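A.B. asks: sequence unknown, structure follows:
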C-alpha cells in the first residue's frame, strides 16, 4: 500500500480576474522510503500541489475543487478538519518551505521554534527537546549550535535560516517530508551535505520525500522517480533514469536542452520560446502546443490525457502516444 496516493487533485483560486486553475487533475502515488521529484517552470503548480496536501492553501481565494489524498491508506488529507491536520502536520508530514525568512517567526528565538513541534506533539520533555534541537542544528551544519540556537532569525543569513527550516522539518522524524526548493539559498558544498542528510534520514526512518526543484541536475541524482508539471498538469512521469535518457514529452526535452552546462561552448543558450498559458482562461488542447516545435493541429484541439507509452513511463503528448516522436535525452 502506498504511503500517499493522490487522485484527481484540482485546486483553483477565485479572483476578480477569473478562476485560476492552478492544479488541474493531478494524480500520483508515493511509496515509503521513495523520493519523488517534481520539476517544471515557475507557475506550473508544483508548490500549490503540495500546499493543497498540507491544507495550507488560503481559503478564500483558494479552493480544493475535487480529489483525494489518502495518507497511509487511512486518512484523506483533503477531507481532514483543521484539528485533524494539526495532528498530522509537523509530526507525520513535514514541509521545508521555499522562503525561510517568511516561514520563521521573527519574534521567536530559533530554540523555541525548533522545539515547538516536539512539545506540541508530546514527543519529548523540554530538556530532551532542547538537546534534540541542538543535535539537528549541528547535523545541518550550523556552527556553534548550542550558542546560536538562542538567536533570532534576523541574526542568521539566508542560507543559515534555510538550514534551520530543514532542521525543524526533520526534528520530529516524519513519515513524509515535502521539500520545496530546500537548497536554493545554499552553496554547492552545503547543498550536498543537506541532500546527504535527507538521504540518511530516509534510510534510517523509511521516510518518503517529495522534492520540488528547478535544478534538473540535483533531481537526476537525488530522486527515484520524477514527474514534470506544466500548466497545472503532469505531462510526463517516469523513473529518473528513463525520464532523462528517453524524454517522452517535448516540454521535458526542452527543459533538458535549457541546461547551460549541456550547451556547446560558445553557442547561444537554448531557451523555450513563448510564455506559459494564462491559467485564468480555459486551455484548449495541449497547454504546451503554442510553444512546441513538434505540435500539429490535433494537439491544439484535443485534450491529451496522461498515458503509459512505455512500461512505467507516462506521457501526455499526443504525437508520442501515437509513436510519431521519439528522442534520446542528454545525460544530466
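C.D. replies: In hand now; what should we look at? Because the structure is a prediction, the values reported are computed rather than measured.
A.B. asks: in the biggest helix by length in the chain, what's buried?
C.D. replies: Under DSSP state H, the helix in the chain containing the largest number of residues is helix 188-205. For helix 188-205, burial by neighbour count (16 or more other Cβ atoms under 10 Å) applies to 190, 191, 193, 194, 195, 197, 198, 201, 202. Using the backbone N, CA and C atoms, a C-beta is placed for each residue, glycine as well.
A.B. asks: Straight-line length of stretch 117-135, end to end?
C.D. replies: 15 Å (Cα to Cα, to the nearest Å).
A.B. asks: Could I get the buried residue list for that stretch?
C.D. replies: 117, 118, 121, 123, 124, 129, 130, 132, 133, 134.
A.B. asks: again with stretch 94-110
C.D. replies: Under 16+ other Cβ under 10 Å, the buried positions of stretch 94-110 are 94, 95, 96, 97, 98, 100, 103, 104, 110.
A.B. asks: Which residue, neighbours along the chain excluded, lies closest to residue 110?
C.D. replies: Take residue 110 and drop its neighbours on the chain: the residue closest to it by Cβ to Cβ, 6 or more residues apart in numbering is residue 149, 5.3 Å away.
A.B. asks: if I pick residue 240, what's in contact with it?
C.D. replies: 37, 219, 220, 223, 224, 225, 226 (Cβ atoms under 8 Å, 6 or more residues apart in numbering).
A.B. asks: okay, those residues in CSV with pLDDT, distance to residue 21 and secondary structure next?
C.D. replies: CSV is the format used below for those (pLDDT from 0 to 100; distance: Cβ to Cβ, whole Å; DSSP: H, G, I helix; E, B strand; the rest coil):
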residue, pLDDT, distance to residue 21, secondary structure
37, 94, 23, strand
219, 90, 25, helix
220, 88, 29, helix
223, 92, 26, coil
224, 92, 29, coil
225, 94, 25, strand
226, 95, 23, strand
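A.B. asks: For residue 89, see how far away residue 126 is.
C.D. replies: 21 Å (Cβ to Cβ, to the nearest Å).
A.B. asks: what about stretch 6-23, start to end distance?
C.D. replies: Start-to-end, stretch 6-23 (Cα to Cα) is 12 Å.
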